[in-house]
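Q: Below are the sequence and a predicted model for it; my questions follow.
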Amino acid sequence: MSLNAARIACFGGVYSNYLALEAALRQARALGADAIYCLGDLGAFGPHPDRVFPLLRDAGVTCIQGNYDDSVGNSLDDCQCGYVDPRDNYFAQISYDYTSANTSAENREWMRTLPKELRLELGPCRMLLCHGSPRKTNEFLWESTTPTHFLGKLADQHRADVILATHTGIRWRRELSGNRQFVNVGVLGRPENDGRTNVWFTMLDYSPASGMQVEFVPVEYEHRRLAREMQAEGLPREFQETLLTGWWTTCLEILPSKERRRGRF
Amino acid sequence: MSGSSPEVRLSHLDQLWFQVSGTFCNLTCRHCFISCSPKNDSFGYLPLEEIRRCLAESAELGVKEYYFTGGEPFMHRQMTQILIETLRYGPATVLTNGTILKDEWLAALAAAEAESLYSLEFRVSIDGVSPKTNDPIRGEGTFVRAMQGVSQLVRHGFLPIITAARTWPDAEEASIVEAFLAALRAVGCDRPRLKILPTLHLGAEAQRTRGYDASERVTAEMMQGFDASQLICEHSRIVTDRGVHVCPILIEEPRARLGDSLADALQPFAIEHGACSTCYQYGAICSNPSSVVAGLRATRGVPGNQDASSERNA
C-alpha cells in the first residue's frame, strides 16, 4: 500500500486499556495523523475487553494481529506471549482467561481476519509493520538484547527501510545502516516500568527535506479509573498497582537485566 | 543410527557460544556433563584473537546473542577484555560458578555494560539451597563461596541469574525454589532470578546417576508438529579451540564437531544423542529465560513474587 499521507500514528498493545486508547486517538488526530495503525494485542491485562473494538473501528485504525489476538480469536489455551518462567506465566494466564472469557464472538471473528504484517510506503520509505519481529509474532526485541547488525539483517531479508514492532511493552529505536531504522512503537496498555503512569505511541512523519522523523508521544489518561474498574472486575491487585505506580509488578522474569534494573521490582 | 535420526536445520544463527576456558575449571563438580576440572585439558582456552575473528564474522551472520561458558570462564586471563569487546557487538552472557570473581574485574565490566547498548548477564551455578545439598555435588565450601560471588555481583549492580541443576525429586521442587529465593534475598539479592535446569546424563553426571539408555532418542515421529526452535541446535553453534560444534552440551561427541569455522558449521545436524532428548523434553535449557519449573504452575501459588507483595503491603 502506498500512502499519499506523510504523517502516521502507530501504537501497539492496547491490552483492553480503552481509556488510554481514547486519549491516544484524540492526540493522534490533534497531531494531524493522516492514518493510524495498531500493531496488535488488543486485549490482555485491562478490564472489559470488548470496549476497545468500536473505538478502533470508528477511528478507522488499521490493525495487525498480535499473539493475543491470534489466541483469543482462535480460542487457544494461552496467550502465546512467549513467557517461559512460571512466575510470568501465572499472571499471564489470569489475564488471558479473563480476556478470553469476556470477548464477544463477533470480535473474536474479526481478530481472526487480521493480517500478521502490513507493508506501506511513506514517501520513498518501505515500512514493515509487525507485532514482535518480522520473523516471529511473539519474538521479544528488547533494546538491550538486540544487536544493530541483527536488525540490519532483518531489514535486508524483509526488504524494509523502517521496521515497526511492539510486543515488549517498552518503546525504543535504533538507526541502522543505509539510513534505515527499527522502531519499537511502545504500547497503550500499561506504563513502561519507569515510575510514570503515562503510556506511549509513536508519530512518524516523512518529508523530503527532513526525511523520516520519529517522535514518541506520551499519553496521560484516567489510569485511576481504569484501576478501579479492574478491581471491580476482580483482576489482580498487582495489575492495578502497575497502572497506579508505573512500575511493573508481574511478568518481570522475561526482562533482560538492563530493562529489569530500570524498574523497581 | 544417524540414518534414522531427524535432522535439525539451523534456521538462523541467533546464539553464538564460546567454550572460552575449554574444560578447565577450578571446581570438579560431580554432575558436570563435560567433566571439567583443573586438569581436564580435553579443550583448551580460546585465544582472544580467535574470539575477535568470530565476533567480526558473527556480525555478518546477524548473530543476536553471545554466550561464554567453560569450564569456568573466569579462569581465562583475558575474560574481562573478551566481555568488554563482545559488548560492542551485542548482549553477552557468561556462565560462571561465581567462586573466583574479582572486584576489579566486575568494576570494569559494570563500566563497560553502562557504556554499551547491551545487557551483560551473569549466570551463576549453584546446585542446592545450602552447603548440605550443594557441596556434595560442587565441592566443599562452594555454596558459601558462590553465594559470596552472588553478593559481589549485586554490589556491582548486576542482577545475576542463578542456575540450578535439578538434582532433587520433582515433588520437592516448589519448596526448594522458595528456599532458593529466600537464600538469595538473604545475601542481598533482592530481585532473585532463578533458572532450573534438567541434569544431562553425560560426563561426570553419567557416573553419578546414570547415562542415557538407547530408548531416550528423538525420533522423526516425535518431530511431527514439534516447534524445532525449542532445540538449541536450531539457532546456535559453539566455538571451541578444536573447531565449531553444534551445541554446548555435545562438544565431546565426535559427530557434533561440524567444521573449522562458523561458515563451515551451519549445516543441519542429526539429533541422535540421548542428550538431544533432554533438550527436546525441556526446551530452551541453555538460553537465559528461566525454563518452566515443573509442578509450580498448577499450585496457584506465586513463586518469588513476595518482593512486589511486600512493597504493596508496606
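A: Yes, it's here. Residues are numbered from 1 along each chain as shown, chains lettered A, B, ... in the order given.

Q: Output the below-cut-off pLDDT ranges for the stretch 101-250 of chain B.
A: For the stretch 101-250 of chain B, no stretch is flagged by pLDDT under 70.

Q: Next, the contact list for the closest residue to chain A within it, please.
A: Closest approach of the stretch 101-250 of chain B to chain A (Cβ to the nearest Cβ) occurs at B:Ser119, with a separation of 4.1 Å. Every residue, glycine included, has its C-beta placed from N, CA and C. By Cβ atoms under 8 Å, 6 or more residues apart in numbering or on different chains, the residues touching B:Ser119 are A:Ser144, A:Thr145, A:Pro256, A:Ser257, A:Lys258, A:Glu259, B:Pro91, B:Ala92, B:Glu113.

Q: Is my assumption valid that A:Phe11 occupies a position in a strand?
A: Yes - the assignment for A:Phe11 by DSSP: H, G, I helix; E, B strand; the rest coil puts it in a strand.

Q: quick one: it and A:Val187 touch, right?
A: Yes - counting by Cβ atoms under 8 Å, A:Val187 is a contact partner of A:Phe11 at 7.0 Å.

Q: Need the overlap of contacts for the two.
A: The contact lists of A:Phe11 and A:Val187 share A:Thr166, A:Trp200, where a contact means Cβ under 8 Å, 6+ apart.

Q: Please, where are all the strands along chain A?
A: A:2-3, A:7-11, A:35-38, A:62-63, A:118-122, A:125-129, A:162-165, A:172-176, A:180-184, A:199-207, A:211-219 (DSSP state E).

Q: partner strands of the last one, parallel or antiparallel?
A: It refers to strand A:211-219. strand A:199-207 (antiparallel) (DSSP bridges).

Q: cool, and the second one?
A: In the sheet containing strand A:7-11, its partner strands are strand A:35-38 (parallel), strand A:199-207 (antiparallel), by DSSP bridges.

Q: and it, what's its mean pLDDT?
A: Across strand A:7-11, pLDDT averages out at 97.

Q: ok, now the fifth one?
A: Across strand A:118-122, the average pLDDT comes to 95.

Q: quick one, that strand and strand A:125-129 angle?
A: Taking axes from the mean of the first three to the mean of the last three Cα atoms, to 10 degrees, one finds strand A:118-122 and strand A:125-129 inclined to each other by 150 degrees.

Q: list the buried ones in strand A:118-122?
A: By neighbour count on 16 or more other Cβ atoms under 10 Å in any protein chain shown, the buried set for strand A:118-122 is A:Leu118, A:Leu120, A:Leu122.

Q: Name the nearest of the residues you listed relative to B:Ile162.
A: Among the buried residues of strand A:118-122, A:Leu118 lies closest to B:Ile162 (Cβ to Cβ), at 41.7 Å.

Q: show me the contacts for the closest one.
A: A:Met1, A:Tyr37, A:Thr62, A:Ile64, A:Leu128, A:Leu129, A:Cys130.

Q: let's see it at 6 Å
A: For A:Leu118, the contacting residues are A:Ile64, A:Leu129, by Cβ atoms under 6 Å, 6 or more residues apart in numbering or on different chains.

Q: Just grab the bridge partners of it for me.
A: Where A:Leu118 sits in a bridge, its partners, by DSSP bridges, are A:Leu129.

Q: how close does it get to B:Ile196?
A: 40 Å (Cβ to Cβ, to the nearest Å).

Q: near chain B, which residues of chain A?
A: A:84-87, A:90, A:144-145, A:147, A:149-150, A:153, A:241, A:249, A:253-254, A:256-258, A:260, A:265 (Cβ under 6 Å from any Cβ of the partner chain).

Q: cutoff 8 Å now
A: A:83-87, A:89-91, A:93, A:135, A:143-150, A:152-154, A:237-238, A:241, A:249-250, A:252-254, A:256-261, A:264-265 (Cβ under 8 Å from any Cβ of the partner chain).

Q: Include mean pLDDT and mean neighbour count when you put the strands paired with strand A:7-11 into CSV, please.
A: Output for those, formatted as CSV (pLDDT from 0 to 100; neighbours: other Cβ atoms under 10 Å in any protein chain shown):
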stretch, mean pLDDT, mean neighbour count
strand A:35-38, 98, 23
strand A:199-207, 96, 22
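
Q: quick one: the helices in the stretch 151-265 of chain A?
A: Taking DSSP state H, counting those that start in this stretch as the criterion, the stretch 151-265 of chain A contains helices spanning A:223-232, A:237-245, A:257-262.

Q: Next, count neighbours for the residue in the stretch 151-265 of chain A positioned nearest to chain B.
A: Nearest residue of the stretch 151-265 of chain A to chain B: A:Lys153, at 3.2 Å (Cβ to the nearest Cβ). A:Lys153 has 19 neighbouring residues, counting by other Cβ atoms under 10 Å in any protein chain shown.

Q: I'd say it and B:Ala59 touch.
A: No - using Cβ under 8 Å, A:Lys153 is not in contact with B:Ala59, being 9.2 Å away.

Q: Next, format the contacts of B:Ser119 as CSV and append distance to A:Pro208 and neighbour count.
A: Formatted as CSV, the contacts of B:Ser119 follow (distance: Cβ to Cβ, whole Å; neighbours: other Cβ atoms under 10 Å in any protein chain shown):
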residue, distance to A:Pro208, neighbour count
A:Ser144, 34, 22
A:Thr145, 35, 24
A:Pro256, 38, 24
A:Ser257, 42, 25
A:Lys258, 37, 21
A:Glu259, 36, 23
B:Pro91, 37, 26
B:Ala92, 41, 26
B:Glu113, 40, 25
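
Q: Low-confidence ranges, chain A, go.
A: Using pLDDT under 70, the flagged stretches of chain A are A:1-5.

Q: all strands for chain B, in order.
A: Under DSSP E, chain B gives strands at B:7-8, B:15-19, B:65-69, B:92-96, B:120-125, B:161-165, B:193-197, B:236-240, B:243-245, B:257-259, B:269-270.

Q: which bits of the stretch 101-250 of chain B sit near chain A?
A: B:Glu113, B:Leu117, B:Tyr118, B:Ser119, B:Leu120, B:Glu121, B:Gly157, B:Phe158, B:Leu159, B:Arg191, B:Arg193.

Q: Tell me how far the fourth one lies from B:Leu109.
A: This means B:Ser119. In terms of Cβ to Cβ, B:Ser119 sits 12 Å off from B:Leu109.
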